[in-house]
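Trainee: For reference, the sequence and a predicted model appear below.
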Amino acid sequence: MDIQKKLLPKSHRKEHPRDESKLGFGDIYTDHIFKMDYYDGKWQNPRIEPFSPFQLSPAAMVLHYSQTIFEGLKCYRHPDGRLAMFRPSENLKRFNQSAQRMAIPLTDPVFLLDALKELLRIEGDWTPTHPGSSLYIRPTIIATEPHLGVRPSREYLLFILLAPVGPYYPEGFAPVKIYVESFYSRSAPGGLGAIKAGASYATSLLATDNAAKKGFTQLLWLDACHHRYVEEVGSMNICFVIENKIVTSNLTGTVLPGITRSSLITVAKDLGIEVQERPLEIGEVLEARSSGKLTEVFGTGTAAVISPVGLLSYNDEDLVIGDGGVGPITQKLYDELVGVQYGHKPDTRGWIEFVD
Ligand SMILES: *Cc1c(COP(=O)(O)O)cnc(C)c1O
């Protein structure tokens, strides 16, 4: 499929952010967006056009039944000036897994990778260079058919928008305080926990907001059946360092298969650190902490890459992890992963996909 292009004249393009050190997360968008429509049983009309609000019927199914999915990945500026993405094909593969679960027609990941590169060729100069910043890529699909009967939509819009971003948490790479949520659930067996659906995020808002009002940055989600097994931290996977081994929840179907998680497991093993993917009870976490075996906790995800946890609050008790700072294993894994992403360390695993 040929990608049609309707580009803004240079004089009509926006000014880039003046101070890259002050970038937030997702407040500024670039000048152009990629779009593609689904109707008559196929994806068609791929195009790159100016970023602007779009028209949607008030009866569009996404607005009523939340039939929508998304992805999140980043483009980094390497020291030699080249634009690099981190394992984008994994994101596009997962995009289809999400589509399948939400009864959305699948897309061609090879075509979408090409389309993404084409968009980045036009918009790549928006990629910030300040340490910790990047160009965030957000592919999304929404159900656009105007129809109120409950069934999968027959029409969709796929779009990819780009946003220059700074660190996900204003704290940056610094320990965050986490509230262990033992009432609300993020995901249940047979539900949406393993995919990136807007609906899963909607589910998490109230509990997260409650925790924020108590001064916590994020939640630790426990499993929905027993409220005992640790699953994720906010919208990140979670790792515990117990007796110098990394323990992370296995992919049970209620945990999202993070690409950062899987990359980190590989990196850890390469560094000679043992990794256990298994169910982990909150009781075991508490015990390991009391006995001094639990030394580090961190979340992993594209947005923050690695986010150290300094404190867990469980049943009104504040549990400081280690000395409350960034632990040595957390730091080592962060340096290695971020080093590869930003091109300061060699990409020995074929994870970097250059735009050109
Ligand atoms: C996106 C996401 C993650 C992290 O996945 P990455 O591929 O590492 O970005 C973890 N948990 C949830 C719920 C997510 O939506």
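Mentor: Ah, there it is. Numbers count the residues shown, from 1 in each chain.

Trainee: what comes up buried for stretch 190-198?
Mentor: Within stretch 190-198, the residues scored as buried using 16 or more other C-beta atoms under 10 Å are 191, 192, 193, 194, 195, 196, 197, 198. Just so you know, the C-beta spots here come from the backbone N, C-alpha and C atoms, and that holds for glycine as well.

Trainee: Dump it to PDB, keeping only the CA atoms.
Mentor: Extracted in PDB, the C-alpha atoms of stretch 190-198 (Å, rounded to 0.1, in the frame of the first residue of the first chain):
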ATOM      1  CA  GLY A 190     -10.000 -14.200  31.200                       C
ATOM      2  CA  GLY A 191     -10.000 -10.300  31.200                       C
ATOM      3  CA  LEU A 192      -7.900  -7.700  29.500                       C
ATOM      4  CA  GLY A 193      -4.800  -7.800  31.800                       C
ATOM      5  CA  ALA A 194      -2.400  -9.200  29.100                       C
ATOM      6  CA  ILE A 195      -3.200  -6.600  26.500                       C
ATOM      7  CA  LYS A 196      -3.000  -2.800  26.100                       C
ATOM      8  CA  ALA A 197      -6.600  -1.800  26.200                       C
ATOM      9  CA  GLY A 198      -7.800   1.700  27.200                       C
END
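
Trainee: That one near the ligand at all?
Mentor: Yes: residues of stretch 190-198 are located near the ligand by C-beta under 6 Å from any ligand atom, namely residue 196.

Trainee: hmm, back to that, redo the buried residues of stretch 190-198 as CSV? Include distance to residue 104, secondary structure and pLDDT.
Mentor: Compiled in CSV, these are given as follows (distance: C-beta to C-beta, whole Å; DSSP: H, G, I helix; E, B strand; the rest coil; pLDDT from 0 to 100):
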residue, distance to residue 104, secondary structure, pLDDT
191, 16, coil, 97
192, 13, coil, 97
193, 17, coil, 97
194, 15, coil, 98
195, 10, coil, 98
196, 12, coil, 98
197, 10, strand, 98
198, 12, helix, 96
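
Trainee: now for those, which pair is the farthest apart?
Mentor: Distance extremes for these: the farthest pair is 194 and 198 at 14.9 Å, using C-beta to C-beta.

Trainee: follow-up on the earlier one: with respect to the ligand, which of the buried residues of stretch 190-198 is nearest?
Mentor: Distance to the ligand across the buried residues of stretch 190-198 (C-beta to the nearest ligand atom) is lowest for residue 196, with 4.9 Å.

Trainee: Hmm, residue 96 and the closest one touching each other?
Mentor: No: counting by C-beta atoms under 8 Å, residue 196 does not reach residue 96; the two are 11.3 Å apart.

Trainee: Pull the contacting residues for residue 262.
Mentor: Contacts for residue 262 (C-beta atoms under 8 Å, 6 or more residues apart in numbering) come out as residue 90.

Trainee: Would you list the phi and psi of it?
Mentor: The phi and psi values for residue 262, taken as degrees, to the nearest 10, are phi -70, psi -40.

Trainee: For residue 135, see how far away residue 162 is.
Mentor: Distance, residue 162 to residue 135, by C-beta to C-beta, to the nearest Å: 6 Å.

Trainee: what's the overlap in contacts for these two?
Mentor: With C-beta under 8 Å, 6+ apart, residue 162 and residue 135 have common neighbours 30, 75, 120, 123, 126.

Trainee: what's the neighbour count on the first one?
Mentor: Meaning residue 30. As a burial measure, residue 30 scores 22 neighbours (other C-beta atoms under 10 Å).

Trainee: residues contacting it?
Mentor: Contacts for residue 30 (C-beta under 8 Å, 6+ apart) come out as 14, 51, 123, 126, 135, 161, 162, 163, 164.

Trainee: what do you get for the last one?
Mentor: When contacts are counted by C-beta under 8 Å, 6+ apart, residue 126 touches 16, 30, 31, 135, 162, 164.

Trainee: Distance check, it against the ligand.
Mentor: Using C-beta to the nearest ligand atom, to the nearest Å, one obtains 21 Å as the distance from residue 126 to the ligand.

Trainee: and what of the first one?
Mentor: Residue 30 sits 20 Å away from the ligand when distances are taken as C-beta to the nearest ligand atom.

Trainee: Checking that residue next. Helix, strand or coil?
Mentor: What DSSP: H, G, I helix; E, B strand; the rest coil gives for residue 30 is coil.
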